[in-house]
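K.L.:
just need the structure, nothing else, for what follows:
(one chain, ligands or ions: 2)
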Amino acid sequence: MKGSVTVAATRPYEVCVEPALDLGQAVSGALEPSTAVVLTDSNVGPLYASSVVEALEEVGWALTEVVTVPAGEGSKSLSVYEGVVRRLAAAGLSRGGTLFALGGGVVGDLGGFVASSYMRGINFVQLPTSLLAMVDSSVGGKVGLDLPEGKNLIGAFLQPHLVAAKLDWLDTLPPREVSHGLAEVVKMGLLTGSEFSDDLKYLTDARTGDKGALQTLILHSVRAKAAVVAEDEKESGLRAILNYGHTVAHGLETAAGYDLPHGEAVAAGMLAAAHLSKELLGTDLLATHEDLLDAAGLPLRVPAVDVESALKAMGRDKKRRSSDRAHTYRFVLLKDVGRPERDVPVGVEEARRAIGAVLGP
Ligand SMILES: NC(=O)c1ccc[n+]([C@@H]2O[C@H](COP(=O)([O-])OP(=O)(O)OC[C@H]3O[C@@H](n4cnc5c(N)ncnc54)[C@H](O)[C@@H]3O)[C@@H](O)[C@H]2O)c1
Ligand SMILES: [Zn+2]
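P.N.:
Residues are numbered from 1 along each chain as shown. Ligands and ions are numbered 1, 2, ... in the order given. Got it, this is the predicted structure:
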């Protein structure tokens, strides 16, 4: 099952998605062998780092170091970043070196920020091992770190030279993490429509690990994200449609003190958006959302949070346009499946009701 998508960024790159991907071959198609460092986390490293190192060495790469950071969002921090760049410096990695990020979105975002800044930029390859990283974070070139003041407040745009996703890596991903990745697949499918939304019928198979279903849905998602990224590489407008479900999701995550998994917040955020689409655009896609999220194994409600805190946090979303008046939010809503509408003004009262509709048992 061969599968790849070309991302038409300023410097185009391939995203390869295959069950038993030949990593050496995929990498050889993108970069001349040189010196490299593999960055991974404490869950993924013990499972896959040695086979990745072996595959790279077989095609002529010299691996100077495998750097392992603790698993979890906490590694997208300045202190972990400092530790990683100092390891690269101590290993003598030069300007022509390459960083391979083997892991989920945390390792990808951290690794990309390291690669964008170490010696003003070295080569970067994403080896995504979580479903979320395969369908979303490894594609598009947004890399960065969190601050105690907020998520993703430090960052850069760095398009990788290659994204190589071996589907067999997903065999060890906890089922809950699979569902979280599927939340972004549902989002992309609803935004894209046509063949992609039809193929959302494979969600249940994908959730239970069927490689054909996973490959189909991942390739659709990558293709859809790649199309948006190619139009708007630096997020000046169009790319905002990828925020579907995310305005409320950010509010819920902040109000829950980041106790709420992102995928579950996005699921609730999309349902809230569906309530708003019904109220403001006269489009009733509530049952469609519920069926898809259910098939993906996602809850349709999130535990109650303080709605006022969520509303306040939504107002502070850095993606919100600074010209907005204080009491109007801007939402991405759906006129229909495959027909997103950006910048729909939503009043505080409407937003409050939509959030209320997705809270509770
Ligand atoms: N750059 C972007 O455009 C973008 C887009 C979306 C999300 N993100 C970022 O991505 C991050 C979330 O990514 P994530 O959900 O992959 O989180 P993650 O990297 O923390 O991975 C989730 C968990 O799964 C484990 N894991 C990963 N692959 C595994 C495997 N194959 N087998 C066993 N365990 C495995 C990890 O160790 C971790 O415990 C957030 O920091 C978010 O901000 C970035
Ligand atoms: Zn998301």
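K.L.:
output stretch 23-39 in PDB, but only the C-alpha positions, please.
P.N.:
Taking C-alpha atoms only, stretch 23-39 is exported to PDB below (Å, rounded to 0.1, in the frame of the first residue of the first chain):
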ATOM      1  CA  LEU A  23      12.400   4.500   6.100                       C
ATOM      2  CA  GLY A  24      15.900   4.300   4.600                       C
ATOM      3  CA  GLN A  25      14.500   4.500   1.100                       C
ATOM      4  CA  ALA A  26      12.100   7.300   2.000                       C
ATOM      5  CA  VAL A  27      14.800   9.400   3.600                       C
ATOM      6  CA  SER A  28      17.300   8.800   0.700                       C
ATOM      7  CA  GLY A  29      14.700  10.300  -1.600                       C
ATOM      8  CA  ALA A  30      14.800  13.600   0.300                       C
ATOM      9  CA  LEU A  31      18.300  14.200   1.700                       C
ATOM     10  CA  GLU A  32      21.900  13.200   1.100                       C
ATOM     11  CA  PRO A  33      23.100  11.100   4.100                       C
ATOM     12  CA  SER A  34      25.100  13.200   6.600                       C
ATOM     13  CA  THR A  35      25.300  13.500  10.400                       C
ATOM     14  CA  ALA A  36      22.100  13.400  12.300                       C
ATOM     15  CA  VAL A  37      20.500  13.400  15.700                       C
ATOM     16  CA  VAL A  38      17.200  11.600  16.600                       C
ATOM     17  CA  LEU A  39      15.000  13.400  19.100                       C
END
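K.L.:
what sits against the residue in the stretch 251-361 of the chain that ligand 1 sits nearest to?
P.N.:
Ranked by CB to the nearest ligand atom, the top residue of the stretch 251-361 of the chain for proximity to ligand 1 is H262, at 6.4 Å. All C-beta atoms are positioned from the backbone trio N, CA, C, and that covers glycine. By CB atoms under 8 Å, 6 or more residues apart in numbering, H262 lies in contact with L132, H180, A183, A249, E253.
K.L.:
make it 7 Å
P.N.:
Under the criterion of CB atoms under 7 Å, 6 or more residues apart in numbering, the contact list for H262 reads H180, A249, E253.
K.L.:
the first one: how many residues sit nearby?
P.N.:
Put plainly, it is H180. 25 (other CB atoms under 10 Å).
K.L.:
next: the last one.
P.N.:
Using other CB under 10 Å, E253 has 24 other residues around it.
K.L.:
next secondary structure after the helix or strand where it lies?
P.N.:
Per DSSP states H and E: E253 is located in helix 246-255. Heading C-terminal from helix 246-255, the first helix or strand you meet, by DSSP H and E, is helix 262-276.
K.L.:
how far off centre is that next one?
P.N.:
16 Å (CA atoms, centre = their mean, to the nearest Å).
K.L.:
assumed R342 was part of a strand.
P.N.:
Yes. Judged by DSSP: H, G, I helix; E, B strand; the rest coil, R342 forms part of a strand.
K.L.:
for the stretch 251-361 of the chain, what lies in contact range of ligand 1?
P.N.:
With the criterion set to CB under 6 Å from any ligand atom, the stretch 251-361 of the chain never comes near ligand 1.
K.L.:
got any ranges where the stretch 251-361 of the chain has weak pLDDT?
P.N.:
316-327 (pLDDT under 70).
K.L.:
now with 80?
P.N.:
In the predicted model, the stretch 251-361 of the chain carries pLDDT under 80 at residues 315-327, 361.
K.L.:
quick one, strands of it?
P.N.:
For the stretch 251-361 of the chain, the strands defined by DSSP state E, counting those that start in this stretch cover 328-336, 339-347.
K.L.:
where do the strands of the stretch 101-250 of the chain begin and end?
P.N.:
Remark: strands assigned in the stretch 101-250 of the chain by DSSP E, counting those that start in this stretch are 123-128, 142-147, 150-157, 162-166.
K.L.:
strands paired with the last one, and their directions?
P.N.:
If you go by DSSP bridges, strand 162-166 pairs up with strand 13-18 (parallel), strand 123-128 (parallel).
K.L.:
is ligand 1 contacted by the last one?
P.N.:
No. Residues of strand 123-128 are not located near ligand 1 by CB under 6 Å from any ligand atom, the shortest gap being 7.5 Å.
K.L.:
pLDDT averaged over that strand - what is it?
P.N.:
Strand 123-128 shows a mean pLDDT of 98.
K.L.:
now do that strand: everything it contacts.
P.N.:
The contact list for strand 123-128 (CB under 7 Å, 6+ apart) reads 27, 31, 52, 97-102, 108, 112, 115, 134, 138, 158, 160-165.
K.L.:
could I get the buried residue list for the helix ranked longest in the chain?
P.N.:
The helix that spans the most residues within the chain, counting by DSSP state H, is helix 211-231. Buried positions in helix 211-231, judged by neighbour count with 16 or more other CB atoms under 10 Å: 211, 213-226, 228-230.
K.L.:
and what of stretch 77-88?
P.N.:
Residues of stretch 77-88 classed as buried by neighbour count (16+ other CB under 10 Å): S77, V80, Y81, V84, V85, R87, L88.
K.L.:
identify, from those, the entry nearest to P148.
P.N.:
S77 (8.6 Å; CB to CB).
K.L.:
before we move on, the earlier item: what helices or strands is the helix holding E253 leaning on?
P.N.:
With contacts taken as 3 or more CB pairs under 7 Å, 6 or more residues apart in numbering; DSSP states H and E, helix 246-255 sits against helix 262-276, helix 307-315.
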